[in-house]
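> Structure of the sequence below:
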Amino acid sequence: MTVRSANCLKAEAIHYIGDLVQRTEVELLKTPNLGKKSLTEIKDVLASRGLSLGMRLENWPPASIADE
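Numbering: from 1, shown residues only. Now for the predicted structure:
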């Protein structure tokens, strides 16, 4: 993932893949400096791991992360 995309996610307090996959395309496109090219890159990275945007995760965040 490019530094630009990673910085955009960091600015939105998206630090874990579990946080990211629960976001939608529309939500991410509202992120400053994150355009369609960055969105496509993020979707490709997720797809390579069998994941996608808009997923609903039960028990997220796990207790080990929630305590941080």
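
> Which residues does the lengthiest helix in the chain contact?
If you go by DSSP state H, the chain has its longest helix at helix 36-47. Applying Cβ atoms under 8 Å, 6 or more residues apart in numbering, the contact partners of helix 36-47 are 1-2, 4-5, 8-9, 17, 20-21, 25, 28-29, 52-53. Bear in mind the C-beta positions are built from the backbone N, C-alpha and C, glycine included.

> Can you name the element that comes right after it?
Scanning forward in sequence from helix 36-47 by DSSP states H and E, the next helix or strand is helix 63-66.

> what residues does that following helix touch?
Contacts of helix 63-66 (Cβ under 8 Å, 6+ apart): 16, 18.

> residues of the longest helix of the chain that come out buried?
38-39, 42, 46 (16 or more other Cβ atoms under 10 Å).

> Pull the most distant pair out of the residues you listed.
38 and 46 (12.7 Å; Cβ to Cβ).

> Relative to residue 62, which of the contacts of helix 36-47 is nearest.
Nearest to residue 62 among the contacts of helix 36-47, with distances taken as Cβ to Cβ, is residue 17, at 12.3 Å.

> can I assume the closest one is in contact with residue 50?
No - the criterion here is Cβ atoms under 8 Å, and residue 17 misses it with residue 50 at 11.2 Å.

> Compare the two (neighbour count), which wins?
Applying other Cβ atoms under 10 Å to residue 17 and residue 50 shows that residue 17 carries more neighbours, namely 14 against 6.
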